[in-house]
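Chemist: Sequence and predicted structure below; questions after.
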Amino acid sequence: MQPWMSTPVPQLPGHGPPLRLYDTAAHRIRPTAPGPTARMYVCGITPYDATHLGHAATYLAFDLVHRYWRDAGHDVHYVQNVTDVDDPLLERAQRDQDDWVVLGMRETALFREDMESLRVLPPQDFVGAVEAIDEIVEVVSKLLAYGAAYRVEDPEHPDIYFDHQAAAHFGSESGYDEATMLRCAAERGGDPRRPGKRHPLDALMWRTAREGEPAWDSELGPGRPGWHVECCAIGLHRLGTGFDVQGGGSDLIFPHHEFSAAHAEALTGEYPMAEHYVHTGMIGYRGEKMSKSTGNLVFISRLRADQVDPMALRLALLSGHYRADRSWSSEMLDEAVLRLDRWRRAVARPAGVPVAETVHRLRAHLAEDLDTPGALAVLDAWAAETLTRGGRDVTAPGHVQAAVDALLGIAL
Ligand code: 5CA
Ligand code: ZN
């Protein structure tokens with residue numbers, strides 16, 4: 001698929017410390033250590049509804065990773081998928097008597113516009129499940145041949161499942177016990193009660209064709225892919241194994257990322273699929289997680305239509321820490337509008353207070369697990385001093401403007 005347009009990223013003098021991120025699998029903050037090209041896979045949208053603030057917050061967090069690595073001198077190979085064939089998309093299309101392909105295309109187009117307006121740097125590879133069917137079939141076929149996948153004993157629908165015991169490190173990504181795994185699987189797209197499986201946890205890899213559902217001919221027989229194998233195949237095919245970051249919201253810790261990692265281990269014999277598993281907190285609204293199924297959504301496109309400055313929106317979403325579950329409120333946006341105005345007035349001054357220390361501290365906060373509240377406070381202090389004391393450094397406003405753009409993605 002075509003990704004969205006990129007915005008130019010200013011080059012800043014110097015570098016910050018290596019980026020450290022919380023790794024779900026290790027239960028602690030660890031340094032990232034990418035090679036010349038940093039490799040990141042972030043789970044993309046299922047395009048059956050418009051992008052809401054929760055999605056946006058997640059992609060903004062990984063945009064900061066992308067930007068920090070670029071600032072540190074790395075190239076970044078960033079891959080993102082689009083789950084453009086899956087149950088929720090098909091169900092929504094049927095409910096609205098819509099064509100599922102057109103629904104997916106429409107919502108993906110809107111997502112691109114939303115990302116561009118928020119100045120999220122695009123992935124290098126933006127890949128739909130449908131365009132990756134051949135890659136997915138190859139993975140499933142190999143896992144069947146290795147005995148890591150099997151067909152359920154159901155003559156009508158001999159669907160293919162992954163035997164979770166085929167990966168020696170199964171469970172190491174989430175760290176969950178079996179009861180928690182079973183509960184999460186039931187809540188998040190799994191089917192623990194499906195008869196004929198070797199174990200209730202085993203996850204669907206290939207769903208044989210059903211009346212009225214899309215299906216692709218393949219050596220596995222006509223059908224469509226399961227969800228976890230989609231991200232495993234798309235990621236491995238482009239990044240190889242042992243890439244730097246696998247990312248998404250905390251709702252993907254289990255079963256999605258556990259199974260993608262387990263498929264990859266059973267397929268390649270190598271472990272781990274990703275050096276860091278990075279998960280964002282959930283954005284809530286009116287007391288509940290913002291989700292398409294709950295319907296308590298605030299859409300980015302709606303806010304854009306209401307003339308909300310996307311930079312204020314970006315700043316509002318960055319004002320909390322990415323790992324914290326947090327609630328959206330319109331006051332957050334009001335505060336961000338005022339903050340943005342103070343920063344803009346300060347960089348519009350002909351001179352400001354010196355910035356070397358400011359940029360150093362800004363980088364240091366971001367390097368420590370993307371401490372955006374700390375980073376924003378550093379900039380607040382510079383803006384306040386420049387607005388009250390004035391300052392004599394004529395290069396300062398330009399430097400701050402470039403740093404805020406390069407590292408935080410905010411155009412002042
Ligand atoms: N297509 C799959 C991933 S392969 C999927 O989960 N799609 S999604 O549209 O449901 O979510 C897209 C991304 O937004 C995922 O990374 C998900 O974890 C994240 N996300 C969903 N809801 C929220 C929320 N309320 N707050 C923060 N992130 C969220
Ligand atoms: Zn995914």
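Modeler: Structure received. Ligands and ions are numbered 1, 2, ... in the order given.

Chemist: Just the closest residue of the stretch 151-300 of the chain to ligand 2, please.
Modeler: Cys231 (3.5 Å; CB to the ion). All C-beta atoms are positioned from the backbone trio N, CA, C, and that covers glycine.

Chemist: so that residue touches Gln80, yeah?
Modeler: No. With contact defined as CB atoms under 8 Å, Cys231 and Gln80 do not form a contacting pair (9.9 Å).

Chemist: Enumerate the residues of this protein near ligand 2.
Modeler: 43, 231 (CB under 5 Å from the ion).

Chemist: if we can go back for a sec, shared neighbours, Cys231 and Gln80?
Modeler: With contacts taken as CB atoms under 8 Å, 6 or more residues apart in numbering, the residues that reach both Cys231 and Gln80 are 41, 43.

Chemist: higher neighbour count, those two?
Modeler: For Cys231 versus Gln80, neighbours defined as other CB atoms under 10 Å are more numerous around Cys231 (32 against 25).

Chemist: Please, which helix or strand holds that one?
Modeler: Element membership of Cys231 [criterion: DSSP states H and E] is helix 227-239.

Chemist: ok, then the element right after that helix?
Modeler: Following helix 227-239 toward the C-terminus (DSSP H and E): strand 243-249.

Chemist: Okay, angle between the following helix or strand past that next one and strand 243-249 too, please.
Modeler: The helix or strand immediately downstream of strand 243-249 is helix 258-268, counting by DSSP H and E. Angle, helix 258-268 to strand 243-249, by axes from the mean of the first three to the mean of the last three CA atoms, to 10 degrees: 150 degrees.

Chemist: Quick check: buried residues in helix 258-268?
Modeler: Of the residues in helix 258-268, 258-267 count as buried by neighbour count, 16 or more other CB atoms under 10 Å.

Chemist: ditto for stretch 343-351
Modeler: 343, 346-347, 349.

Chemist: Which two among those residues are spaced furthest apart?
Modeler: Checked with CB to CB, those reach their widest spread between Trp343 and Arg349, with 11.1 Å between them.

Chemist: Tell me where the stretch 101-250 of the chain has strands.
Modeler: 125-128, 149-151, 160-162, 203-208, 223-225, 243-249 (DSSP state E, counting those that start in this stretch).

Chemist: Partner strands of the fourth one and their direction?
Modeler: Strands flanking strand 203-208 in the sheet, each with its direction: strand 160-162 (antiparallel), strand 223-225 (antiparallel) (DSSP bridges).

Chemist: Including mean pLDDT and mean neighbour count, could the ones you listed go into TSV?
Modeler: Output for the strands paired with strand 203-208, formatted as TSV (pLDDT from 0 to 100; neighbours: other CB atoms under 10 Å):
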stretch	mean pLDDT	mean neighbour count
strand 160-162	98	25
strand 223-225	98	26
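
Chemist: Which one of these lies nearest to Thr37?
Modeler: strand 223-225 (27.8 Å).

Chemist: Any chance of the strands paired with strand 203-208 in CSV with distance to ligand 1 as columns?
Modeler: Conversion of these to CSV gives the following (distance: least, CB to the nearest ligand atom, whole Å):
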stretch, distance to ligand 1
strand 160-162, 16
strand 223-225, 12
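
Chemist: Switch the ones you listed over to JSON lines; also include distance to Val400.
Modeler: Converted to JSON lines, these look like this (distance: least, CB to CB, whole Å):
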{"stretch": "strand 160-162", "distance to Val400": "50"}
{"stretch": "strand 223-225", "distance to Val400": "47"}
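
Chemist: now what about the helix or strand of the chain with the lowest mean pLDDT, what contacts it?
Modeler: Every helix and strand of the chain was ranked by mean pLDDT, DSSP states H and E. The lowest is strand 288-289, at a mean of 86. The contact list for strand 288-289 (CB under 8 Å, 6+ apart) reads 54, 251, 282-283, 294, 296, 325.

Chemist: switch to 6 Å and redo it
Modeler: For strand 288-289, the external contacting residues (CB atoms under 6 Å, 6 or more residues apart in numbering) are 282, 294, 296.

Chemist: For the second one, give its distance to ligand 1.
Modeler: Going back to what we said before, that points to Thr294. To ligand 1, Thr294 is 9 Å away according to CB to the nearest ligand atom, to the nearest Å.

Chemist: Now that residue. Its backbone dihedrals?
Modeler: When read as degrees, to the nearest 10, the backbone of Thr294 gives phi -80, psi -30.

Chemist: ok, back up a step: may I have the helix holding Cys231 as CSV, with CA atoms only?
Modeler: Taking C-alpha atoms only, helix 227-239 is exported to CSV below (Å, rounded to 0.1, in the frame of the first residue of the first chain):
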residue,chain,number,x,y,z
TRP,A,227,-4.5,-12.5,12.6
HIS,A,228,-1.2,-13.3,14.4
VAL,A,229,0.4,-14.9,11.4
GLU,A,230,-0.3,-11.8,9.4
CYS,A,231,2.1,-9.7,11.6
CYS,A,232,4.6,-12.5,11.8
ALA,A,233,4.8,-12.9,8.1
ILE,A,234,4.8,-9.2,7.1
GLY,A,235,7.4,-8.4,9.8
LEU,A,236,9.8,-11.3,9.2
HIS,A,237,9.7,-10.9,5.4
ARG,A,238,10.9,-7.3,5.6
LEU,A,239,12.9,-7.0,8.8
